[in-house]
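Novice: quick one, what's the 3D model for this:
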Amino acid sequence: MSFQKLDDLGHKLEALEHALAILGADEATHMAVGGGEKRAEAMSALAGMYHTRATAPEIADWIAAAEQEALGEEQRTAVSELRRQYTNLTCLPVEFVERQTTARMRCEQLWRGLRAKNDWAGFQPALEGVVALVREEAALRADVLGLAPYDALMEQYDPGNRTADITPVFTDLKAFLKGFVPEALAIQDARLRKRPLKPLSGTYAIDRQRELGLAMMAAVGFDLTHGSLSVSHHPFCGGVPSDVRITTRYKTTDFLSALMGVLHETGHALYEQNLPKAWSHWPLGKARGMAVHESQSLFVEKQLGRNPAFWNWALPVVEKHLGEAWSLDDILPHVHRVERGLIRVDADEVTYPLHVILRYELEQELVAGRLEVGDLPEAWDAKMRDYLGLSTIDNPADGPMQDVHWPGAAFGYFPSYTLGAMMAAQQWAALT
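Specialist: Just a heads-up that it's a prediction; the model follows:
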């Protein structure tokens, strides 16, 4: 049976996916700095092996034959999703995949050191190399899929999403938020004049914050026998469903930043840990789109993690781990605080979409060649001034260098964040 051949192939491909995922998570957390070049070479070779196997010509014949077999509903859907994946994979030659994997990994490794130094000049050439490859990828995919280049990139993260559908939604949302943010800040200021914000003490040891994070992860359902918590330059959820690797970053002056990062990534992890295990070696058993994935992370972070009922439960846990007592009336103004800030991952629910829309607009310009990497700091600054009234012109570390996505060649991902935030809000409204 051709279906059985595809099933056997899936197990082999899953093993390579597993190795790449764990190597990638380790590279961003525990790998020594000096191991970067060899790690990039190893992962490039493995990515090439995976791509060669996953795009073998005979697979097209197996898929066509399996579609004619007497299959159950889940099996038919599995074959349909595999066909979609096969089409997307065969857009790119293996040589390109290896070349891009090496370039993006080296750019990420460079980014970790140079962002800390606010060194845009040192980072720019590496990002230019990645953007050149992204443009090449977009053209290759667009040619096969019959889509516009940026839409062809988005197809890898959220199948079916198109700028023609998303841009009008984001345009309306942006227009609303640009007016609503000042209104929300005015109401907040009036409240704070009546009851000033109780300051954070600024003495939060990292080991205690980590234990607090683990306690919160377990409380919302994370299986600690199939996952772990580490530190990285940028919070992420990686690994595989049976061994989910989530990370955060800590400030000793503010426990909420790391905690909200942990809750966000735990939402991703819960989604991964609850995917259908029987289909883990088929696309059917994997996340199909990142908007839904982000809806689950943002639901845990914002709909649950900023809910007064959650904090009514959480305050004794915070006191136990950090040794600091808070009343609900004192902590909620911190949790719900609206603030024009520079950092997307620390943004509140009101300003968060503006950070994402800014990136969505800029990366379309980059992919199309209407914006060059060398002009990115000025373009970023102009949009930050317009949307949030802040300047990053002398601070690229908190401007176009702040996210790992562009060094990692993940162009077309950012829309998923705002779409996910909208889904999360709708899910909460439906539940309550």
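Novice: spell out the secondary structure type for I246.
Specialist: Secondary structure, DSSP: H, G, I helix; E, B strand; the rest coil: I246 is strand.
Novice: can you check the pLDDT for it?
Specialist: In the predicted model, I246 carries a pLDDT score of 98.
Novice: low-confidence ranges, this protein, go.
Specialist: By pLDDT under 70, the chain has no low-scoring segment.
Novice: domain assignment for the chain?
Specialist: Following automatic domain parsing, one gets these domains for the chain: 2-89, 163-431.
Novice: what's the burial count for A325?
Specialist: Using other CB atoms under 10 Å, A325 has 10 neighbouring residues. All C-beta atoms are positioned from the backbone trio N, CA, C, and that covers glycine.
Novice: just to revisit the earlier point, how about the domains of the chain, which one is nearest C107?
Specialist: domain 163-431 (4.3 Å; CB to CB).
Novice: about what we covered before: now, of the domains of the chain, which is deepest in the fold?
Specialist: domain 163-431 (a mean of 18; mean count of other CB atoms under 10 Å).
Novice: pull up the distance across it, start to finish.
Specialist: 30 Å (CA to CA, to the nearest Å).
Novice: ok, back up a step: reformat the domains of the chain as CSV; add distance to R106.
Specialist: Compiled in CSV, the domains of the chain are given as follows (distance: least, CB to CB, whole Å):
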stretch, distance to R106
domain 2-89, 5
domain 163-431, 9
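Novice: out of these, nearest to E155?
Specialist: Closest among those, using CB to CB: domain 2-89, at 6.9 Å.
Novice: of the domains of the chain, which is nearest L147?
Specialist: Per CB to CB, nearest to L147 of the domains of the chain: domain 163-431, 9.9 Å.
Novice: now the closest one: how far from the chain's centre is it?
Specialist: 9 Å (CA atoms, centre = their mean, to the nearest Å).
Novice: what's the closest non-adjacent residue to E67?
Specialist: Among residues not flanking E67 along the chain, V79 sits closest, at 5.9 Å (CB to CB, 6 or more residues apart in numbering).
Novice: if we can go back for a sec, relative to R104, which of the domains of the chain is closest?
Specialist: Nearest to R104, of the domains of the chain and by CB to CB, is domain 163-431 at 4.2 Å.
Novice: run through who's touching stretch 34-54.
Specialist: For stretch 34-54, contacts defined as CB atoms under 8 Å, 6 or more residues apart in numbering pick out 9, 12-13, 16-17, 19-20, 23-24, 27, 31, 85-86, 89, 92, 94, 97-99, 101-102, 105-106, 109.
Novice: one step back: out of the domains of the chain, which comes closest to Q124?
Specialist: Comparing the domains of the chain by CB to CB, domain 163-431 comes nearest, at 5.8 Å.
Novice: related to what we said a few turns ago, A116 is nearest to which of the domains of the chain?
Specialist: domain 163-431 (7.4 Å).
Novice: and the strands in the stretch 301-432 of the chain, which stretches?
Specialist: Remark: no strands are assigned in the stretch 301-432 of the chain by DSSP state E, counting those that start in this stretch.
Novice: one more: the stretch 1-150 of the chain?
Specialist: Counting by DSSP E, counting those that start in this stretch, the stretch 1-150 of the chain contains no strands.
Novice: any idea how far the residue nearest to E67 lies from G160?
Specialist: According to CB to CB, to the nearest Å, V79 stands 19 Å off from G160.
Novice: check K174 too.
Specialist: 22 Å.
Novice: same question, A425
Specialist: 21 Å.
Novice: same thing with A138?
Specialist: In terms of CB to CB, A138 sits 17 Å off from G160.
Novice: between these two, which is the more surrounded one?
Specialist: A138 (22 against 10).
Novice: surely the more buried one is in contact with L366?
Specialist: No. The pair A138 / L366 is not scored as a contact, 10.1 Å apart, by CB atoms under 8 Å.
Novice: give me the common contacts of these two.
Specialist: Joint contacts of A138 and L366 (CB under 8 Å, 6+ apart) are F411.
Novice: which residues does the residue positioned nearest the centre of the chain contact?
Specialist: Central residue of the chain (CA atoms, centre = their mean): F236, 6.6 Å from the mean position. Neighbouring residues of F236 by CB under 8 Å, 6+ apart: A28, I246, T247, E265, V404.
Novice: now do the phi/psi pair for the fourth one.
Specialist: Backbone geometry at E265, expressed as degrees, to the nearest 10, gives phi -70, psi -30.
Novice: and the helices in the stretch 151-300 of the chain?
Specialist: 163-194, 206-219, 255-273, 290-298 (DSSP state H, counting those that start in this stretch).
Novice: pipe those helices into JSON lines and attach distance to L71 per row.
Specialist: Formatted as JSON lines, the helices of the stretch 151-300 of the chain follow (distance: least, CB to CB, whole Å):
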{"stretch": "helix 163-194", "distance to L71": "32"}
{"stretch": "helix 206-219", "distance to L71": "39"}
{"stretch": "helix 255-273", "distance to L71": "27"}
{"stretch": "helix 290-298", "distance to L71": "25"}
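Novice: of all the ones you listed, which one is nearest A60?
Specialist: Here helix 290-298 is closest among the helices of the stretch 151-300 of the chain (CB to CB), at 26.6 Å.
Novice: CA atoms of that closest one as PDB?
Specialist: Extracted as PDB, the C-alpha positions of helix 290-298 are listed here (Å, rounded to 0.1, in the frame of the first residue of the first chain):
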ATOM      1  CA  MET A 290       1.000  29.800  13.600                       C
ATOM      2  CA  ALA A 291      -2.000  32.100  14.100                       C
ATOM      3  CA  VAL A 292      -3.800  29.400  16.000                       C
ATOM      4  CA  HIS A 293      -0.500  28.500  17.800                       C
ATOM      5  CA  GLU A 294      -0.100  32.200  18.800                       C
ATOM      6  CA  SER A 295      -3.700  32.300  19.900                       C
ATOM      7  CA  GLN A 296      -2.900  29.700  22.500                       C
ATOM      8  CA  SER A 297       0.200  31.300  23.800                       C
ATOM      9  CA  LEU A 298      -1.400  34.800  23.900                       C
END
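Novice: okay, the angle between it and helix 255-273?
Specialist: If you take axes from the mean of the first three to the mean of the last three CA atoms, to 10 degrees, helix 290-298 sits at 130 degrees to helix 255-273.
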